[in-house]
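S.K.: turn this into a structure:
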Amino acid sequence: MIGRTMHINLEHARTEWSQRPLPRPNRRLTALAVRLARCAGRVMEVGDQTALIGVTAERDTVRLTWWNHRMEVWAEITAGAPAFSPATSVEGALQRAGNALLDYFAGRWPDGASPPALGVVTDGIGVAFSPNYPAPCTPGWLNLHGSGRAYTITLLPFGDGSLFDQQIHGRARLH
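M.R.: Modelled structure (predicted):
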């Protein structure tokens, strides 16, 4: 668990958060994003403290970051594939789904051009990434995006009423 606090006005974030859909469909990426969102949704059902989960891959490790409804980091797990939680656990399933998505996603860049840390955020329904700030585990990431100074690309639309509510920005789907 991390004691670092991030403050964000959720009403302001809902209206200022800028999202754009991907320019064209990628069915494999969509399928991996759906799997990740489902796994995250199961993790979120375990406790009532999670509003958003960040999944970041960096140097052969996957970091899961949980944010509560006050947008404070309240938990993190960082592990490489050999040390993932058991596959039958909700955390282990999320680690494996995140690893698969981010491994595939990193392959979308030209050789050697993939960012050193790459991640996505999910509310258990939608999935998005930030092309200019690709590591959601970075301190201040939510504040930067919630203030409108950075934008995200939508892989899957977020749930109504979530931090990433799509009603303001339309409901573009990949296919």
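S.K.: C-alpha from now on. contacts and neighbour counts both.
M.R.: Noted.
S.K.: quick one, phi/psi of Leu29?
M.R.: Per-residue torsions, Leu29: phi -60, psi -40 (degrees, to the nearest 10).
S.K.: which ones are touching it?
M.R.: Neighbouring residues of Leu29 by C-alpha atoms under 8 Å, 6 or more residues apart in numbering: Leu101, Tyr104, Phe105, Leu155.
S.K.: what sits against the second one?
M.R.: Just to be clear, that refers to Tyr104. For Tyr104, counting by C-alpha under 8 Å, 6+ apart, the contacting residues are Leu29.
S.K.: quick one: furthest residue from the center of this structure?
M.R.: Going by C-alpha atoms, centre = their mean, the residue of the chain most distant from its centre is Asp111, 23.6 Å out.
S.K.: roughly how far apart are that one and Glu58?
M.R.: From Asp111 over to Glu58 the distance is 16 Å, taken as C-alpha to C-alpha, to the nearest Å.
S.K.: can you check Ala33 too?
M.R.: With distances taken as C-alpha to C-alpha, Ala33 is found 18 Å from Glu58.
S.K.: the more surrounded of the two?
M.R.: Each of Ala33 and Glu58 has its neighbours counted (other C-alpha atoms under 10 Å); Ala33 has more, 26 against 16.
S.K.: would you confirm that the more buried one contacts Ile125?
M.R.: No. Counting by C-alpha atoms under 8 Å, Ala33 sits too far from Ile125 to count as a contact (9.4 Å).
S.K.: quickly list what's touching both of the two.
M.R.: Contact criterion C-alpha under 8 Å, 6+ apart; residues shared by Ala33 and Ile125: Leu156.
S.K.: so Leu144 sits against Ala150, correct?
M.R.: Yes. Counting by C-alpha under 8 Å, Ala150 is a contact partner of Leu144 at 6.1 Å.
S.K.: higher neighbour count, the two?
M.R.: Ranked by neighbour count (other C-alpha under 10 Å), Leu144 and Ala150 place Ala150 first, with 19 against 16.
S.K.: which ones are touching that one?
M.R.: Listed by C-alpha under 8 Å, 6+ apart, the contact partners of Ala150 are Ser18, Ser130, Asn132, Tyr133, Leu144.
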